[in-house]
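Trainee: Sequence and predicted structure, then a few things I'm wondering about:
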Amino acid sequence: MSRGKKLDLFIGAEIEDGWAKVETPRKSVISGEILEPSKHFLVFKKEKRRGKTVTLVGEFHTPQNDSEALLKALKKKLGCGGTFKDGWMEFQGELKDKLRALLAQDGFRFKSGH
C-alpha cells in the first residue's frame, strides 16, 4: 500500500427485514424403531470433555422412559453421574468394563471388538 492512496474496504453485510433462523441438521438420526435388549448391538466410546473422561454407550432403541429407568439404575450401581442424549448414555469416568458386565446381565449384546 502506498501512502497516497486511500484504503477502500467494505466490511459488513446488508441487514434487511428478512431474518431467518438457521437450522443445522442433526449429527445422528434417531430411529423410532424399538428393539428388545437381546437385539441391541451396543458400542462403547470414550471422550475427553474439559479434561475429564466420559464413557458413551449406545445406541439404544428402547422407549424413552425405559432408557431413563435403566440409566438411573446403572448410575446408582456405579456411583457416578450420567445423562441420556440422542439414544446414547453418557457416564462420568472410564467405566467400560463395569458397564459391560452390568448391561450383559440385563441381556444387552455388544458389537465385536467393543
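Mentor: Structure's in. What do you need?
Trainee: buried stuff in the longest helix along the chain?
Mentor: As assigned by DSSP state H, the longest helix anywhere in the chain is helix 64-78. Using 16 or more other CB atoms under 10 Å as the test for burial, helix 64-78 gives S67, L70, L71, L74, K75, L78. C-beta: built from backbone N, CA, C; applies to glycine.
Trainee: Enumerate every residue touching the second one.
Mentor: L70 is in contact with F60, T62, M89, D106, counting by CB atoms under 8 Å, 6 or more residues apart in numbering.
Trainee: what's the answer for the fourth one, then?
Mentor: Taking CB under 8 Å, 6+ apart as the criterion, L74 is in contact with G82, M89, F91, L99, L102, L103.
Trainee: quick one: average pLDDT of the longest helix of the chain?
Mentor: Averaging pLDDT along helix 64-78 gives 94.
Trainee: so what secondary structure elements neighbour the helix or strand following it?
Mentor: The helix or strand immediately downstream of helix 64-78 is strand 82-85, counting by DSSP states H and E. The helices and strands touching strand 82-85, judged by 3 or more CB pairs under 8 Å, 6 or more residues apart in numbering; DSSP states H and E, are helix 64-78, strand 88-92.
Trainee: So which residues make contact with strand 82-85?
Mentor: Q64, S67, E68, L71, L74, K75, M89, E90, F91, Q92.
Trainee: how about 7 Å then?
Mentor: Strand 82-85 has contacts (CB atoms under 7 Å, 6 or more residues apart in numbering) with S67, E68, L71, K75, M89, E90, F91, Q92.
Trainee: All the helices of this structure, residue numbers only.
Mentor: Under DSSP H, the chain gives helices at 64-78, 96-105.
Trainee: No more questions from me, cheers.
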